[in-house]
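In: Below are the sequence and a predicted model; questions follow.
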Amino acid sequence: MNVAILGSGRGSNADAILRAQSAGLLGGARIVSLFCDIPGARILELGPRFGVPAFQPDAGPFKTKFPPEVEREWARRIRDTGADFVVLAGFMRVVKAPLLEAFAGRIINLHPSLLPAFPGLDAIGQAWRRGVRVSGCTVHHVNAEVDGGAIIDQAAVRREDGDTLADFERKIHEAEHALLPAVLARLAAAEAS
């Protein structure tokens, strides 16, 4: 399973995946490329560090979506790296038909809540403001509905008395860093069998 990671920020989840790969923990999953839609984002620094090609193609004029022709070009460029599977890890654009069709059933996303609770932006902040005692993270298949695809796995995180928002956020990110590589390894193993 040749995987492209798409991200928009510092790349902490991409880093966790690449560290798992370096430690031999991804099984048959192999990261073949990193793509970022934000010029200068720290995720791009991971490519040279881990020997994985990193790309920052033009993403078009919008901040949260692609124009269709640009998304078709992204799909082509991702395929050209040999990827046949896509992981959205902190990727802040909604993907539509061009990518969904090019990688039908082969795009997953990591979301920082226990979906279906708190879909969309600022999920950790939404959970915090609601005062929930348990939140966490979800890996799910990507479909045309934002954070609406079938759930693959989840990890719960308890909000303890005395936790600050920063504590809660840190615990959720730690859960993400464990969950996403584990899910990738399982998906690769299932595909190989």
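Out: That came through fine. Residues are numbered from 1 along each chain as shown.
In: Please enumerate the strands of this structure.
Out: Under the criterion DSSP state E, the chain contains strands at 2-7, 30-36, 54-55, 85-88, 107-111, 134-141, 151-158.
In: Provide the strand pairings for the second one, with the direction of each partner.
Out: The reference is to strand 30-36. Strand 30-36 has the following strand partners under DSSP bridges: strand 2-7 (parallel), strand 54-55 (parallel).
In: any chance of the ones you listed in CSV, with mean pLDDT and distance to residue 173 too?
Out: From N, CA and C alone the C-beta is placed, and that goes for glycine too. Listed next are the strands paired with strand 30-36 as CSV, based on pLDDT from 0 to 100; distance: least, Cβ to Cβ, whole Å:
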stretch, mean pLDDT, distance to residue 173
strand 2-7, 98, 14
strand 54-55, 97, 21
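In: Including distance to residue 26, could the ones you listed go into a markdown table?
Out: Formatted as a markdown table, the strands paired with strand 30-36 follow (distance: least, Cβ to Cβ, whole Å):
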| stretch | distance to residue 26 |
| --- | --- |
| strand 2-7 | 8 |
| strand 54-55 | 18 |
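In: which of the ones you listed is buried the deepest?
Out: The highest average neighbour count among the strands paired with strand 30-36, using mean count of other Cβ atoms under 10 Å, belongs to strand 2-7 at a mean of 26.
In: nearest to residue 187, of the strands paired with strand 30-36?
Out: Closest of the strands paired with strand 30-36 to residue 187 is strand 2-7, at 9.4 Å (criterion: Cβ to Cβ).
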